[in-house]
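Asks: Give me the fold of what follows.
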Amino acid sequence: MHLTRSILFASLAAWSTAMPSRRQANLLQVQDYAQFQISDGLAGNALQEVAEKFPVEQFRANLAGVSQQDLEILKAARETAEAAETDAGGFNDAIDQVGEDSDDGKALQTGKIKNKVLKLELQVLALQIEQAQGDDNQEKIDEEQQKLDKNVATDKESAGDQSQSVNFQGSSQP
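Replies: Sure thing, here's the model as predicted:
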């Protein structure tokens, strides 16, 4: 009997260590907006640029396992990206200052679209994580995904156009 228990315990221990952990280690660190913004450069690859700044595919491979800290950083980064669009000193202000039809205004508008892709991709990802972890928010996911798809299409239509960021102060600090 004692030998059977020992074998059973050893088997269970080996099996449990072979199972993947449900929770991922924290993958993100708090960054300033300037470090995670994607608006500089050229239009056309905004979604790929988001994936270069955030481990989107790694998170999507195990949505239920994303750590609470990473989820909070994603949400804070999304909020900062939105603020960079609408708050004082953001894209809307900068475009108003230089004129939307000027070369600088067009580059800023292109940067604003790329920033929207960043904001919406992080929003959709955070909602998907929350749903995988128990929330019921499919309707909101669908709504935000539709907005994301529209802005990704706009970014691709502008492929090769100059894109300009704004010097916005903010971070992904939850």
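
Asks: So which residues of the chain form strands?
Replies: Using DSSP state E, the strands found in the chain span residues 41-42, 162-163.

Asks: okay, those in a markdown table with distance to Thr110 next?
Replies: Placement of C-beta: from N, CA and C, glycine included. Formatted as a markdown table, the strands of the chain follow (distance: least, CB to CB, whole Å):
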| stretch | distance to Thr110 |
| --- | --- |
| strand 41-42 | 8 |
| strand 162-163 | 4 |
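
Asks: Make JSON lines out of those strands and add mean pLDDT.
Replies: Output for the strands of the chain, formatted as JSON lines (pLDDT from 0 to 100):
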{"stretch": "strand 41-42", "mean pLDDT": "98"}
{"stretch": "strand 162-163", "mean pLDDT": "98"}
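
Asks: quick one, longest helix in the protein?
Replies: The helix that spans the most residues within the chain, counting by DSSP state H, is helix 103-132.

Asks: so what's the most centrally placed residue in the chain up against?
Replies: Central residue of the chain (CA atoms, centre = their mean): Leu122, 2.8 Å from the mean position. Leu122 sits next to Val50, Phe54, Leu74, Lys75, Ala77, Arg78, Ala81 when contact means CB atoms under 8 Å, 6 or more residues apart in numbering.
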